[in-house]
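# all I have is the shape, not the residue letters:
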């Protein structure tokens with residue numbers, strides 16, 4: 001998704017908030033890299049829309065706190081064979 005960077009940052013933020021999505025999921029959905037999503041949400045969005053930035057930040061912090069659980073579940077599935 002090329003085009004207006006500010007618009008993309010806001011759309012990414014809205015997607016993550018609505019779907020409680022991870023950076024990886026948003027990147028796949030919008031066809032951009034994880035680095036681009038992270039840069040849009042942490043740097044660009046902070047100056048564009050402070051309120052939206054705060055909402056996204058909460059979701060990202062929650063995802064960061066839960067990632068060790070998701071990783072453990074993935075490892076379990078891998079070795080369990082399902």
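Everything's here; your move. Remember, predicted model here, so these are calculated numbers, not experimental data. Residues are numbered from 1 along each chain as shown.
# quick check: end-to-end length of stretch 26-45?
Using Cα to Cα, to the nearest Å, the end-to-end distance of stretch 26-45 comes to 15 Å.
# just the mean pLDDT for the top helix by length along the chain, thanks.
Longest helix in the chain, counting residues (DSSP state H): helix 50-80. Helix 50-80 shows a mean pLDDT of 86.
# now do it: which elements does it pack against?
helix 5-19, helix 45-48 (3 or more Cβ pairs under 8 Å, 6 or more residues apart in numbering; DSSP states H and E). (Glycine included, C-beta is placed from N, CA and C.)
# from the contact counts, what lies against the first one?
Based on contacts counted as 3+ Cβ pairs under 8 Å, 6+ apart, the elements that helix 5-19 packs against are helix 23-30, helix 45-48, helix 50-80.
# one more pass at 10 Å, please.
helix 23-30, helix 34-39, helix 45-48, helix 50-80 (3 or more Cβ pairs under 10 Å, 6 or more residues apart in numbering; DSSP states H and E).
# separation between the residue lying closest to residue 63 once chain neighbours are set aside and residue 80?
Leaving out its chain neighbours, the residue that sits closest to residue 63 by Cβ to Cβ, 6 or more residues apart in numbering is residue 22, at 5.2 Å. Going from residue 22 to residue 80 by Cβ to Cβ, to the nearest Å gives 23 Å.
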